[in-house]
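Engineer: 3D, please:
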Amino acid sequence: MAGILLPPSIESEPECFPFDHNRNGIGGGPDEPGRDLRETSELDPERATSLGAYRMLTLLAIIWMGALFATLTLVLDFRWVHSKDWVSIPLPHVLYLNTAVLLLSSLAIESARFSLRSGKSPPCIRWMIVTVSMSLMFLLGQAIAWRELVREGLHFASNPGSFFFYLITGAHGLQLLGGIVALVSVGFFVSQRAQKSKQQTAFGTVALYWHFMDGLWLYLLAVLFLAIQR
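Structural biologist: Prediction:
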């Protein structure tokens with residue numbers, strides 16, 4: 001029976017096997033950091049998915065609005081070319097002031113986003129208030145433009161030109177109002193000091209929509225100038 005007993009060195013080797021396996025990356029010891037990295041990397045796709053979802057919804061909304069106004073432009077062009085009762089309408093001068101205000105609001109929202117990236121929430125909130133104020137000034141200017149047309153006897157159904165003017169500017173104003181609501185909601189989100197990455201994701205999405213609305217207005221103003229005023 002004594003000859004069957006293994007030497008102490010051989011009996012202790014099985015205790016070394018787990019260490020050797022771990023050293024080769026087969027066991028659980030050194031593999032744990034790898035698991036941690038995988039677990040950590042699994043969080044990034046979730047954040048990326050959240051970011052992608054927000055941007056995808058915004059892009060879908062932008063595509064939908066682009067298709068809507070492209071259709072309105074085609075209908076306007078067809079009606080303008082083939083219409084014998086088309087009446088030229090001088091555009092109210094306040095529209096040009098509105099354009100400047102809306103472009104300045106883009107600068108304000110970019111200043112807010114820069115402040116947010118720098119970790120400065122109070123300046124970000126102030127720039128957001130400036131952006132909302134400018135957008136409300138734009139909507140007020142649109143209302144003034146409508147009032148000028150009404151004073152001149154040009155109502156919604158007075159002629160095809162006035163119809164498309166009210167329709168295009170009204171549709172753009174409603175969508176800009178939706179952007180204002182979204183921006184105010186993001187402002188409350190930023191003021192609550194939520195996770196910084198989530199704040200930047202939400203704010204970047206609203207800023208993308210905002211810049212699209214500005215570019216869309218420049219396009220619509222050119223259409224109104226060429227077709228409505230001509």
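Engineer: any stretches of this structure with poor pLDDT?
Structural biologist: Scanning the chain for pLDDT under 70 picks out 1-52, 54, 80-85, 192-196, 230.
Engineer: and with 80 instead?
Structural biologist: Within the chain, the segments meeting pLDDT under 80 span 1-55, 77-88, 119-121, 157-158, 189-201, 229-230.
Engineer: residue closest to the middle of it?
Structural biologist: In the chain, the centroid-proximal residue (CA atoms, centre = their mean) is residue 205; its distance is 2.6 Å.
Engineer: and that one, how far from residue 199?
Structural biologist: Distance from residue 205 to residue 199, counting by CB to CB, to the nearest Å: 11 Å. All C-beta atoms are positioned from the backbone trio N, CA, C, and that covers glycine.
Engineer: again with residue 63
Structural biologist: Distance of residue 63 to residue 199, given as CB to CB: 26 Å.
Engineer: so which of the two has more stuff around it?
Structural biologist: Between residue 63 and residue 199, counting by other CB atoms under 10 Å, residue 199 is the more crowded of the two (20 against 10).
Engineer: which helix or strand contains the closest residue to the more buried one other than its chain neighbours?
Structural biologist: In space, and not counting its chain neighbours, residue 199 is closest to residue 190: 5.3 Å by CB to CB, 6 or more residues apart in numbering. Element membership for residue 190 (DSSP states H and E) is helix 160-191.
Engineer: check residue 214 too.
Structural biologist: helix 196-223.
Engineer: residue 148 now?
Structural biologist: Residue 148 is located in helix 121-151, with elements delineated by DSSP H and E.
Engineer: circling back to that earlier point, the residue nearest to residue 199: neighbour count?
Structural biologist: 23.
Engineer: quick one, what contacts it?
Structural biologist: Contact partners of residue 190, counting by CB atoms under 8 Å, 6 or more residues apart in numbering, are 116, 121, 124, 125, 128, 199, 203.
Engineer: ok, residue 224 touching residue 88?
Structural biologist: No. Judged on CB atoms under 8 Å, residue 224 makes no contact with residue 88 at a distance of 11.5 Å.
Engineer: the more surrounded of the two?
Structural biologist: The neighbour comparison of residue 224 against residue 88 (other CB under 10 Å) goes to residue 224, with 20 against 10.
Engineer: ok, and the closest non-adjacent residue to that one?
Structural biologist: Leaving aside its sequence neighbours, residue 224 sits nearest to residue 91 (CB to CB, 6+ apart; 6.0 Å).
Engineer: quick one: contacts for the one you found?
Structural biologist: Residues counted as contacts of residue 91 (CB under 8 Å, 6+ apart) are 145, 224, 225, 228, 229.
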